[in-house]
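> Here's my sequence, what's the structure:
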Amino acid sequence: MTLATQPPDAALAEEMHAMGTRARAASRALGLMSAADRTRGLVAIAAALRAAAPEILAANKDDMAAAAAKGLAPSMLDRLALDGPRVEAIAAGVDVIAALPDPVGRELARWTRPNGLDIARVAVPLGVIGIIYESRPNVTADAGTLCLRAGNAAILRGGSESILSSRAIARAMRGALKREGLPEDAVQLVDTTDRDAVGHMLAGLGGELDVIVPRGGRSLVERVQAEARVPVIGHLEGLCHTYIHAAADPAKAVAIAVNAKMRRTGVCGSTETLLVDTGVAPALLEDIAAALEEAGCELRGDGRARAILPHIVPATEQDWATEYLAPILSIAIVDGLDGALAHLSRWSSGHTDAIVTEDAAAAEAFLARVDSAIVLHNASTQFADGGEFGFGAEIGIATGRIHARGPVGAEQLTTYKYVVRGAGQVRP
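Next comes the predicted model:
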């Protein structure tokens with residue numbers, strides 16, 4: 001007699017569901033622990049990441065070699081790469097998260113009804129959160145620790161290119177939790193590059209997964225939003241814009257445009273389209289373009305931009321819809337604030353958009369009328385980052401309108417319940 005063997009997908013399904021079961025148990029255990037317990041775990045994780053830096057960097061070196069051999073784009077290689085300062089920045093981010101006020105148990109509102117019932121709305125953890133992300137190993141630490149700060153268990157599924165780096169980071173985190181007496185299964189990494197694992201997460205792991213958070217490009221987010229059977233906190237790509245208004249300060253315009261595009265081109269807060277007011281374009285555009293080109297940026301422009309800069313590449317309609325994540329910038333000349341708003345209404349992904357102007361009324365109109373998760377006045381779009389908002393880190397920049405919007409930090413990883421206290425009241 002021969003024994004039947006499980007089909008490969010059945011084995012994967014069993015393991016994924018087991019991860020969900022372990023995560024649920026961990027989330028319940030966290031619910032019985034204090035804010036001080038979670039803080040202690042986070043402090044231990046930061047120390048463990050620093051201690052494990054040699055192992056993390058060795059793993060990342062192997063990931064980088066494999067990714068380069070596969071021909072990964074430079075922007076993706078930049079996201080994947082770790083060095084000593086970047087590992088220290090990851091650990092420092094955990095330190096900040098550990099120092100944040102604990103969001104669990106916050107009393108969001110409280111009132112008393114005429115019948116004497118005392119009603120409070122109180123913050124509680126979401127539960128078990130699945131995070132699906134691409135080749136950014138720092139997300140393993142950022143997402144895991146933000147979930148822990150808010151009393152949640154995390155199931156992390158990173159990109160295949162970063163699997164070795166993510167394993168090393170997750171191993172350090174889990175070890176720290178175990179040593180501190182916290183449930184190590186509060187942080188679990190999906191230890192396979194099999195894409196079917198994502199499908200199991202989207203199906204909800206037998207009801208054990210409460211929320212999915214995708215962090216990556218449009219194709220990943222659209223797949224998750226289309227297929228998930230659990231709620232999704234997602235973001236579209238960072239199709240970010242900087243608008244140089246007619247009343248812009250020239251020095252600020254140049255500095256902000258260059259920083260917004262070139263500080264790091266591979267992040268979602270990088271400006272991809274520069275809008276320049278027709279009233280200032282003849283005087284300012286050449287200076288802005290020269291500074292961008294000196295920094296190594298390729299420029300593409302519409303007809304009016306090319307009338308001023310005839311050497312730049314003609315922009316096509318596809319350029320206005322492209323998140324380059326590379327040193328490429330599209331330039332459009334617009335007719336005043338209304339022209340900028342019309343362009344944003346058609347092309348913005350609702351992530352981050354900025355205006356550069358000394359006209360307070362124009363700035364306030366822009367901030368009020370642009371319906372993006374983050375809007376800025378006289379500041380670089382590269383500030384679209386949870387760390388820069390004081391959150392320590394972020395799971396992503398949510399561009400939807402349900403539950404969370406903008407940088408998703410620990411506070412955004414809670415929901416609430418109503419606590420009602422009575423003195424024997426019955427309903428007539």
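
> In the protein, spot the helix with the most residues.
Among the segments of the chain that qualify as a helix by DSSP state H, the longest is helix 8-31.

> quick one: contacts of that helix?
6, 38, 125, 127-128, 148, 151-155, 182-186, 188, 190, 192, 194, 196-197, 200-201, 205-206, 208-209 (Cβ atoms under 8 Å, 6 or more residues apart in numbering). C-beta coordinates here come from the backbone N, C-alpha and C atoms, glycine included.

> again, 7 Å this time
For helix 8-31, contacts defined as Cβ atoms under 7 Å, 6 or more residues apart in numbering pick out 125, 127-128, 151-153, 155, 183, 185-186, 188, 194, 196-197, 200-201, 205-206, 208-209.

> Against residue 95, how distant is the closest residue to residue 325 other than its chain neighbours?
Leaving out its chain neighbours, the residue that sits closest to residue 325 by Cβ to Cβ, 6 or more residues apart in numbering is residue 75, at 4.0 Å. Look at residue 75 and residue 95: by Cβ to Cβ, to the nearest Å, they are 28 Å apart.

> re earlier: secondary structure element for the residue nearest to residue 325?
Assessed by DSSP states H and E, residue 75 sits inside helix 74-80.

> Buried residues, that helix. List them.
75, 76, 77, 78, 79, 80 (16 or more other Cβ atoms under 10 Å).

> min pLDDT across those, which one?
Within the buried residues of helix 74-80, residue 75 has the lowest pLDDT, namely 77.

> Could you tell me how far stretch 26-40 lies from the centre of the chain?
Chain-centre distance of stretch 26-40: 24 Å, with Cα atoms, centre = their mean, to the nearest Å.

> Mean confidence (pLDDT) on it, please.
95.

> Give me the distance between the two termini of it.
Between the opening and closing residues of stretch 26-40 lies a distance of 16 Å (Cα to Cα, to the nearest Å).

> Now that stretch: buried residues?
Of all the residues in stretch 26-40, those buried under the rule 16+ other Cβ under 10 Å are 26, 27, 30, 33, 37, 38, 39, 40.

> what's the distance between residue 170 and residue 28?
Note on residue 170: its distance to residue 28, by Cβ to Cβ, is 21 Å.

> I meant to write residue 95 there.
With the distance defined as Cβ to Cβ, residue 95 ends up 27 Å from residue 28.

> likewise residue 354?
Taking Cβ to Cβ as the criterion, residue 354 is separated from residue 28 by 43 Å.

> again, but for residue 315
If you go by Cβ to Cβ, the gap between residue 315 and residue 28 works out to 54 Å.

> swap in residue 106?
Relative to residue 28, and taking Cβ to Cβ, residue 106 is found at 20 Å.

> follow-up on the earlier one: go ahead and confirm the residue nearest to residue 325 touches residue 323.
No: at 9.8 Å, residue 75 and residue 323 do not qualify as touching, with contact defined as Cβ atoms under 7 Å.

> mind putting the buried residues of helix 74-80 in CSV, distance to residue 111 included?
Supplementary listing: the buried residues of helix 74-80 in CSV, determined by distance: Cβ to Cβ, whole Å:
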residue, distance to residue 111
75, 50
76, 51
77, 54
78, 50
79, 47
80, 50
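
> List the buried residues for stretch 310-321?
By neighbour count with 16+ other Cβ under 10 Å, stretch 310-321 contains the buried residues 312, 315, 319, 320, 321.

> Of those residues, which belong to helices?
When the buried residues of stretch 310-321 are checked against helices using DSSP H, the ones located there are 319, 320.

> what about the residue nearest to residue 247 when sequence neighbours are not counted, neighbour count?
In space, not counting the residues next to it along the chain, residue 247 is nearest to residue 359; the distance is 3.8 Å by Cβ to Cβ, 6+ apart. Under the neighbour criterion other Cβ atoms under 10 Å, residue 359 is assigned a count of 15.

> Before we move on, what's the pLDDT of residue 359?
pLDDT for residue 359: 98.

> Can you show me the CA trace of stretch 342-350 as CSV?
Taking C-alpha atoms only, stretch 342-350 is exported to CSV below (Å, rounded to 0.1, in the frame of the first residue of the first chain):
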residue,chain,number,x,y,z
ALA,A,342,-7.1,70.7,-13.0
HIS,A,343,-3.9,68.8,-13.6
LEU,A,344,-3.9,67.3,-10.1
SER,A,345,-7.6,66.4,-10.4
ARG,A,346,-6.8,64.3,-13.4
TRP,A,347,-3.3,62.9,-12.6
SER,A,348,-2.6,62.9,-8.9
SER,A,349,-2.7,59.5,-7.2
GLY,A,350,-3.9,61.2,-4.0
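
> now it: how far from the chain's centre is it?
20 Å.

> From residue 229, how far off is residue 40?
Noted for residue 40: a distance of 35 Å to residue 229, by Cβ to Cβ.

> Where does the prediction get shaky in this protein?
1-8 (pLDDT under 70).

> ok, now with 80
For the chain, the stretches with pLDDT under 80 are 1-9, 75, 135, 216-218, 234-236.

> how many neighbours does the residue nearest to residue 406 when sequence neighbours are not counted have?
Leaving out its chain neighbours, the residue that sits closest to residue 406 by Cβ to Cβ, 6+ apart is residue 373, at 4.3 Å. Residues within reach of residue 373, counting by other Cβ under 10 Å, total 21.

> Return the residues in contact with residue 178.
When the contact criterion is Cβ under 7 Å, 6+ apart, the partners of residue 178 are residue 184.

> Is it correct that it falls within a helix?
Yes: counting by DSSP: H, G, I helix; E, B strand; the rest coil, residue 178 falls inside a helix.

> quick one: it from residue 44, how far?
Residue 178 sits 10 Å away from residue 44, going by Cβ to Cβ.

> Please apply the same query to residue 33.
Separation of residue 33 from residue 44 (Cβ to Cβ) stands at 14 Å.
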